[in-house]
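# Next comes the sequence, and after it the predicted model I'd like to discuss.
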Amino acid sequence: MPYSFHSHSGQFCRHAQGDLESVVKEAIRQRFVAYGLTEHVPRYRVQDLYPEEAECSLQYLSDQFDSFVAEAERLRDEYSHSLNIIVGLETENISPLDIDKLSELLVRHDHRIDYVVGSVHHVHGVPIDFDLPTFQRCLATLPIAQDTPLEDIDGRRQSLLLDMYFDAQYDLLQAVKPEIIGHIDLCRLYTPSLHFRDYPSAWVRLERNIKFAVAYGALFEANAAALRKGWATAYPGADVVELILQHGGRFALSDDSHGPHAVGLNYGRLRDYLLRAGVRELWALERSKVPNPGGRYMEPVRVEGDWWDHAFWGGR
């Protein structure tokens, strides 16, 4: 029963902790059945580097990702008797260059990358999940009409941020068809009480994205990381869960761990939240003999039985 399809390590992600093997060993200790290793793809422009990467060259980030794939494959083989490790990646879509380079990366690592977690972390070239001041800077950079009434400026910028986020997400879904949709509502990380229905153009875009992902067979991650970031729910929030279920969407579990300390973190709270939200089925990824719509050899498989009654949840 226990799965996670989204994780990071300090070895290959500078805002995470611990080495990749320690993450794997912790997943084994907690008796996970399958665990996805999904470090971030490289950034391809100097202006897109995170502050902790300031001294890194673009070539270093590219080489680091290649090293991650090699290490993930080594761990997959070494620990195959204890854990089903699948090797993936987490995307960016900061500019059109990212999708072009992602396509090249997937070709270069053909048959080595099992699956893709499709995520967006930037709007208008600025990170929206790094910290609150950076998020506020992103809002301040968004272009709105000069004659916008003062009292409408904040609302217009918030609406534009949501529209741009969901448009970038849609472009990514179309180009790559990721098997897992990463934290679909990350755009409200710092505004968790925001309701997308209050922003009609964003709601239309969100629903478009969900319908597109459902049509090609993607899974939406129920991501526990929002709970450690102060949310009362996981990603996605209840309104988005309801919309996904309405359109026949399917969920997979992710801890989005950033080191061994966060493997399985808040999974008990995640279970309770999903039950309250009406999620009665969970899905996992398994290797397949035929390519999926993204051209990779993975397929969604329903978790058998009443997932919430599995022994894994005892004591959580």
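Great, that's in hand.

# need the strands for the stretch 51-200 of the chain, in chain order.
Counting by DSSP state E, counting those that start in this stretch, the segments of the stretch 51-200 of the chain that form strands are 84-90, 115-118, 122-123, 126-127, 180-181.

# nearest to residue 278, of the ones you listed?
For residue 278, the closest of the strands of the stretch 51-200 of the chain is strand 180-181, at 18.6 Å, according to Cβ to Cβ. Heads up, the C-betas are built off the backbone N, CA and C, glycines and all.

# Mind naming the longest helix for the chain?
Among the segments of the chain that qualify as a helix by DSSP state H, the longest is helix 153-176.

# Give me the residue at the spatial middle of this structure.
The residue lying closest to the centre of the chain (Cα atoms, centre = their mean) is residue 182, at 2.4 Å.

# wouldn't residue 35 be in contact with residue 79 here?
No - applying Cβ atoms under 8 Å, one finds residue 35 not in contact with residue 79, separated by 9.4 Å.

# so what sits against both of those two?
Residues touching both residue 35 and residue 79 (Cβ atoms under 8 Å, 6 or more residues apart in numbering): 24, 85.

# If you count surrounding residues, which of the two has more?
More crowded of residue 35 and residue 79, by other Cβ atoms under 10 Å: residue 35, with 29 against 17.

# For the more buried one, what is the enclosing helix or strand?
Using DSSP states H and E, the element containing residue 35 is strand 34-37.

# strands paired with that strand, and their directions?
Based on DSSP bridges, the pairing partners of strand 34-37 within the sheet are strand 3-4 (parallel), strand 84-90 (parallel).

# With mean pLDDT added, can I get those in a markdown table?
Formatted as a markdown table, the strands paired with strand 34-37 follow (pLDDT from 0 to 100):
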| stretch | mean pLDDT |
| --- | --- |
| strand 3-4 | 97 |
| strand 84-90 | 98 |
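
# Going along the chain, name the helices of this structure.
With DSSP H as the criterion, the chain has helices spanning 20-29, 58-78, 96-108, 132-141, 153-176, 200-216, 225-228, 238-246, 267-276.

# export these to TSV and tack on distance to residue 125 and mean pLDDT?
Output for the helices of the chain, formatted as TSV (distance: least, Cβ to Cβ, whole Å; pLDDT from 0 to 100):
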stretch	distance to residue 125	mean pLDDT
helix 20-29	29	98
helix 58-78	16	97
helix 96-108	11	95
helix 132-141	8	96
helix 153-176	10	96
helix 200-216	19	98
helix 225-228	23	96
helix 238-246	25	98
helix 267-276	32	96
